[in-house]
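> 3D model of this:
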Amino acid sequence: MADTPQYLILGEVRRPHGVRGELRIRILTDYPERIVAGKTLYLAEDIDAKATPYHVEQMRTNKEFGLLKLRGIDNRDQADLLRELLVLTDIDDAVPLDEGEFYLYEMIGLEVQTEDGQPFGRLVEVLETGANDVYIIDSPRYGEVLIPAIEQTILKTDIDAGVMTVRLPDGLLPS
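I've put the predicted structure just below:
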């Protein structure tokens, strides 16, 4: 399983918005309402790169995007320099999850087994799609297998044991 990261991704800067330094961000968190004035966020090229702290002055939503104003970013030229950076929060400031919810980093590396207890592979990546997530499983027998992250398919996820139990949809695997 993956080590605990220092940061979690909240979004990605797409482009400047207006002339006063606002950033249009693609929201990548289920909890955008937690991005509030006074909070410290971090911007970085990727999750493992050196991150720069910024204080949030304001965050508002506009359709599926966020409009983020950071202290010290006061014009369009400054905002343009932040294009494509990730918007991060310190793991210690992350939203506590409800029972049965997991951060994506906790799931990477889980051993995947079928409902009859047979080893199937290892979860290597999570694709976030519009309808539901898709888990990419590296299976020694079948290679890369994509399974939908829905109730009918994902029967149990035990982070502590490092195991996910799945019911494979009919027709997913070659005969």
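
> list the helices and strands the lowest-mean-pLDDT helix or strand in the chain packs on?
Lowest by mean pLDDT, DSSP states H and E among the helices and strands of the chain is helix 104-107, with a mean of 88. Taking 3 or more Cβ pairs under 8 Å, 6 or more residues apart in numbering; DSSP states H and E as contact, the helices and strands that helix 104-107 lies on are strand 119-127. C-beta coordinates here come from the backbone N, C-alpha and C atoms, glycine included.

> Would you map the helices across this structure?
Under the criterion DSSP state H, the chain contains helices at 76-80, 104-107.

> send the alpha carbons of the least confident helix or strand of the chain over as PDB?
C-alpha atoms of helix 104-107 as PDB (Å, rounded to 0.1, in the frame of the first residue of the first chain):
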ATOM      1  CA  LEU A 104      -7.300   7.300  -3.200                       C
ATOM      2  CA  TYR A 105      -3.700   7.000  -2.000                       C
ATOM      3  CA  GLU A 106      -4.900   4.400   0.600                       C
ATOM      4  CA  MET A 107      -6.300   2.200  -2.100                       C
END
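
> and it, which residues are buried?
Using 16 or more other Cβ atoms under 10 Å as the burial criterion, the residues of helix 104-107 that qualify are 105, 106, 107.

> which residues sit against it?
Outside helix 104-107, the residues that touch it by Cβ atoms under 8 Å, 6 or more residues apart in numbering are 1, 2, 4, 5, 8, 123, 126, 135, 157, 159, 164.

> between those, which is nearest residue 141?
Nearest to residue 141, judged by Cβ to Cβ, of the contacts of helix 104-107 is residue 123 at 15.5 Å.

> what sits against that closest one?
Residue 123 sits in contact with 107, 108, 109, 110, 112, 135, 136, 137, 164, where contact means Cβ under 8 Å, 6+ apart.
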